[in-house]
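> Predicted structure and sequence below. I'll ask about it afterward.
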Amino acid sequence: MESQKGSSCLRKCNLPGLFRSLLKCPENEKGKIRDLIDKECDSVGCSERSCQAAEAEANNEQVFIMFTRVTMEKVFASLAMIKAFYVWLQFALFPYNAGDVIQSDELIVNEFRRLSLLLRSFHGREQLELPGEESALAISKKLSACIQTYQALVKKLEVRATSKDSQTFLLKEELWKNIVENKCLMRTAGFSGSVSVMEEEGSDQSRMMRLSYFISELQHAIKSVRHFVKIMVNEMRVAADWDLEAAADALQPGLSYWGVTDICFAFESFICLEMFEAFQLPHFGLTTEALPRPQIWRRYFLQKYLELKPMKPGDCLSNHPESLLASFCRWKYQQVVNSKMELSFFGNLNFRNHIKLGGFPEAPFIDSFLEMARRVLRLHYLALSTDPVASIFCVPKGSRFSELYMESVHEDPFLPMNISSDTGPRVAFTVVPGFKLGRIIIQSQVYFSKHPDIL
């Protein structure tokens, strides 16, 4: 390259002609020709140096363009990382996570320092040794990490959106609950007019309100059943010195339980099945009075539900011994607590005799039973006020597991899937019945057999 440029410079000068003249001219003129040759050589050297300077300037320009391009790639990579770390910092602030806040803050500061070094390098047009100097592949990996960070943030936002939807639903339930309670209090205080939720029984708001109320009342009813079972089992163990395993075997013969404490589910199943018997019949079939017309059916039973709600069982039974609640409590007590059980618990039948005469003595055992009966009756009234009317169902023994209709009473939700059997998990007995409200199914709580093949 340099020889070609040198020859081009020689072609522009007159040295060949001067050399030919020097050979032909006389001796006295050769001195002048030599002077001309020296001047021409000087001019040729200047031209060659000019070409080299132009070439060096072009090379410097190309280096600067390349340096600028690399610097900008690093700047954009750092900006992408700063943006990702800043989003991470925002998520760490709410809910507050001290570790994530400190870590994201340090990463942001480090990237700003990096940008400062890049700025100095660019203005000085010198390639500084930056900490963690990356190649194009490293920058690509850093951008990939940014993409992964954003994907994680998207998932976190989706989870948060789902949580917000659940909170919104719960707040709506609480709002409707407060509206009903407020109207009930206004009615009790003497204000005229009916409860507003009865005015538009076919509205979506009314249906959703009754559904949410039904689920809440069912949870309260189950809680009261378990509280009574706890008191009853304690009386069996302490006062009567019963063999709990033998008692559980009498209820569920030949069943092998997953754990020793699981025998309580047999007692809970017995209480639930007795308390929910005749649940589908209006007033549990205890009265022969004429039923309301279909047009006001839901209004009638919702009113019954609201009237029963603010009353304590003891006060209601003392003031209204002939009420449906009193009749329901007397009937269910004789079903749940037979005479042999009561005699074994308390040494006499005073509670039973007192209840037959229309009274309900004050005792923890009786109070727990009355609260359970009140909760079940309230759930019954609310079930008849829903649109469509809620229906109850129990899962037969030996049924295959179905996630749509049942759930395990065990804390481990994957227990049914862990049962080793060719036929799959099988139901040993129903603990808590399930309910259907139109297309909505509230799962039945069941106990799964440890050995499904021998059911």
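Cool, got the structure.
> where does the stretch 151-300 of the chain have low pLDDT?
Flagging of the stretch 151-300 of the chain using pLDDT under 70 yields the residue ranges 152, 173, 176-177, 179-210, 294.
> Helices of that one, residue ranges please.
Assigned by DSSP state H, counting those that start in this stretch, the helices in the stretch 151-300 of the chain fall at 204-234, 244-251, 263-275, 297-308.
> now these as TSV including distance to Leu404?
In this view, the C-beta of every residue, glycine as well, is placed from N, C-alpha and C. Output for the helices of the stretch 151-300 of the chain, formatted as TSV (distance: least, CB to CB, whole Å):
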stretch	distance to Leu404
helix 204-234	17
helix 244-251	27
helix 263-275	21
helix 297-308	27
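> Any chance of TSV for those helices, columns mean neighbour count and distance to Val87?
What follows is the helices of the stretch 151-300 of the chain, written out as TSV (neighbours: other CB atoms under 10 Å; distance: least, CB to CB, whole Å):
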stretch	mean neighbour count	distance to Val87
helix 204-234	18	36
helix 244-251	14	57
helix 263-275	21	49
helix 297-308	19	49
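> Determine which of those approaches Leu349 most closely.
helix 204-234 (16.6 Å; CB to CB).
> The stretch 351-455 of the chain: strands as residue ranges?
391-393, 406-408, 427-432, 434-437, 440-442, 444-448 (DSSP state E, counting those that start in this stretch).
> For Ser368, find the nearest of these.
Going by CB to CB, the one of the strands of the stretch 351-455 of the chain nearest Ser368 is strand 427-432, 17.6 Å.
> The helices of the stretch 151-300 of the chain: which one's closest to Gln445?
Taking CB to CB, helix 204-234 is the member of those nearest to Gln445, at 8.1 Å.
> counting contacts, what elements does the closest one pack onto?
Packing contacts for helix 204-234, counted by 3 or more CB pairs under 8 Å, 6 or more residues apart in numbering; DSSP states H and E, involve helix 136-188, helix 263-275, helix 364-385, strand 434-437, strand 440-442.
> Dump the ones you listed to CSV, plus distance to Leu343.
Below are those laid out as CSV (distance: least, CB to CB, whole Å):
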stretch, distance to Leu343
helix 136-188, 42
helix 263-275, 18
helix 364-385, 13
strand 434-437, 35
strand 440-442, 38
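> For Val337, which of these is the nearest?
helix 364-385 (7.5 Å).
> For the closest one, give the mean pLDDT please.
In this model, helix 364-385 has an average pLDDT of 92.
> For it, list every residue counted as buried.
365-385 (16 or more other CB atoms under 10 Å).
> Ok, stretch 442-455 next?
Buried residues in stretch 442-455, defined by neighbour count with 16+ other CB under 10 Å: Ile442, Gln443, Ser444, Gln445, Val446, Tyr447, Phe448, Ser449, Pro452.
> Pretty sure the first one sits against Ser216.
No. Under the contact definition of CB atoms under 8 Å, Ile442 does not touch Ser216, with a separation of 11.6 Å.
> pLDDT-wise, what's the bottom of the buried residues of stretch 442-455?
Pro452 (66).
> right, and the strands of the stretch 351-455 of the chain - which one's nearest Leu357?
Across these, closest to Leu357 is strand 391-393 (CB to CB), at 32.1 Å.
> Show me what the closest one is packed against.
strand 434-437.
> Just checking: what are the partner strands of the strand it packs on?
The pairing partners recorded for strand 434-437 under DSSP bridges are strand 391-393 (antiparallel), strand 440-442 (antiparallel).
> among those, which is nearest Thr71?
Relative to Thr71, the nearest member of the strands paired with strand 434-437 by CB to CB is strand 440-442, separated by 62.4 Å.
> So what touches the helix or strand harbouring Ser344?
Assessed by DSSP states H and E, Ser344 sits inside helix 339-346. Helix 339-346 has contacts (CB atoms under 8 Å, 6 or more residues apart in numbering) with Glu235, Met236, Ala239, Ala240, Trp242, Leu349, Phe351, Arg352, Phe365.
> neighbours around the second one, how many?
Other residues near Met236 come to 18 when the count uses other CB atoms under 10 Å.
> out of everything not next to it in sequence, what's closest to it?
Trp242 (4.1 Å; CB to CB, 6 or more residues apart in numbering).
> go on, the first one?
Once flanking residues are discounted, Glu235 sits nearest to Phe345: 4.6 Å by CB to CB, 6+ apart.
> Check the gap between the one you found and Ile231 for me.
10 Å (CB to CB, to the nearest Å).
> Next up, the contacts around Ala326.
Cys316, Leu317, His320, Gly358, Phe360.
> secondary structure class for it?
Secondary structure, DSSP: H, G, I helix; E, B strand; the rest coil: Ala326 is helix.
> before we move on, back to that, out of the helices and strands packed on helix 204-234, the one nearest Ile296 is which?
helix 364-385 (10.8 Å).
> Can you list the helices and strands that that closest one packs against?
helix 204-234, helix 263-275, helix 297-308, helix 313-319, helix 324-336.
> looking at those, which is closest to Glu61?
helix 204-234 (72.6 Å).
> now the angle between helix 297-308 and that closest one, please.
50 degrees (axes from the mean of the first three to the mean of the last three CA atoms, to 10 degrees).
> and Leu118, how many neighbours?
18.
> Let me know the helix or strand that it is in.
Counting by DSSP H and E, Leu118 is part of helix 98-124.
> and that helix, what's its mean pLDDT?
83.
> that older thread, could I get the strands paired with strand 434-437 as a markdown table with distance to Leu325?
Converted to a markdown table, the strands paired with strand 434-437 look like this (distance: least, CB to CB, whole Å):
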| stretch | distance to Leu325 |
| --- | --- |
| strand 391-393 | 20 |
| strand 440-442 | 24 |
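> and those strands, which one is worst for confidence?
Per-stretch mean pLDDT for the strands paired with strand 434-437 is lowest at strand 440-442 (a mean of 87).
> picking that back up, name the residues of the helix holding Ser344 that come out as buried.
Quick answer for helix 339-346 (16+ other CB under 10 Å): Met341, Glu342, Phe345, Phe346.
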